[in-house]
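Q: I'd like to go over a predicted model; first the sequence, then the structure.
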Amino acid sequence: MPLVCPRCATDVNAEALYCPYCNLPKPKAGFGEAVAPNPHGNQATPVVSRKSPKPSRNPRRGQPPNKERRLRLKVLGGAALVAVLAAGVYIFVVPLVHSEGVEPKTALSALDRLQHMPSNEPDLTIDARLSGEIEKSRRVGNLVGYQGWTVHPIKGTKTRVLLAFSYREVGNIERRAEWLADLNANTFTAQTALAVSISK
């Protein structure tokens with residue numbers, strides 16, 4: 001039985017290696033394996049199978065959140081934290097460093113001397129005495145919060161600073177002990193009632 005060339009629909013002998021009309025090489029599987037009868041004649045028409053296209057998938061569906069967006073959020077969070085820390089340094093450190101030319105090391109040395117000076121109670125330093133005042137306030141339920149020791153420059157002078165210890169009690173009452181420190185004379189003068197009451 002003759003085979004049919006899929007290119008030109010010419011009858012090809014089963015022993016032939018090429019189509020006698022269009023010279024199409026005969027594949028190993030032979031001509032005419034996938035042909036269908038032609039209703040208009042005795043020649044066959046090649047059957048071409050077409051696969052239905054697969055539905056396209058959304059490449060974004062099911063993927064994890066955008067890594068670039070997460071990275072951007074982390075960078076913004078880090079920048080905000082750095083800004084807060086920089087603001088803290090500016091508020092609490094810079095005023096001391098630029099306190100009308102007073103050396104921070106000298107001011108902190110004066111604060112250390114005041115803290116270790118004796119108070120009006122035997123064997124208690126001024127620092128220990130103030131810590132006792134905070135503990136007493138906490139024990140009776142009056143303590144709201146405390147700032148502790150701070151150093152404040154005095155405008156117009158390079159030889160004096162204000163050393164303060166403060167805490168707050170119920171009713172928005174601020175307890176504050178202040179001493180005026182003369183850095184040249186190495187003296188400390190009580191400025192508030194609390195400072196006077198605990199000084200020797």
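A: Thanks, I have it. Note that the structure is a prediction, hence the values are computed from the model and not measured.
Q: so where does residue 145 fall, helix or strand?
A: strand 143-153 (DSSP states H and E).
Q: Report the rounded mean pLDDT for the next helix-or-strand element following that strand.
A: Downstream of strand 143-153, the next assigned helix or strand under DSSP H and E is strand 160-169. In this model, strand 160-169 has a mean pLDDT of 95.
Q: Sheet-wise, list the partners of strand 160-169 with their directions.
A: If you go by DSSP bridges, strand 160-169 pairs up with strand 143-153 (antiparallel), strand 173-182 (antiparallel).
Q: got the buried residues for it?
A: Buried positions in strand 160-169, judged by neighbour count with 16 or more other Cβ atoms under 10 Å: 160, 161, 163, 164, 165, 166, 167, 168, 169. In this view, the C-beta of every residue, glycine as well, is placed from N, C-alpha and C.
Q: Same question for stretch 102-111.
A: Applying 16+ other Cβ under 10 Å to stretch 102-111 flags 102, 107, 110, 111 as buried.
Q: From the contact counts, what lies against the stretch of helix or strand the second one belongs to?
A: Residue 107 belongs to helix 104-115 when assigned by DSSP H and E. Counting contacts by 3 or more Cβ pairs under 8 Å, 6 or more residues apart in numbering; DSSP states H and E, helix 104-115 packs against helix 94-97, helix 126-139, strand 143-153, strand 160-169, strand 173-182, strand 187-190.
Q: Could you export these as CSV, including distance to residue 3?
A: As requested, these are arranged in CSV below (distance: least, Cβ to Cβ, whole Å):
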stretch, distance to residue 3
helix 94-97, 97
helix 126-139, 106
strand 143-153, 101
strand 160-169, 105
strand 173-182, 109
strand 187-190, 118
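Q: so which of these is the most packed in?
A: Per-stretch averages of neighbours, counted by mean count of other Cβ atoms under 10 Å, single out strand 160-169 among the helices and strands packed on helix 104-115, with a mean of 21.
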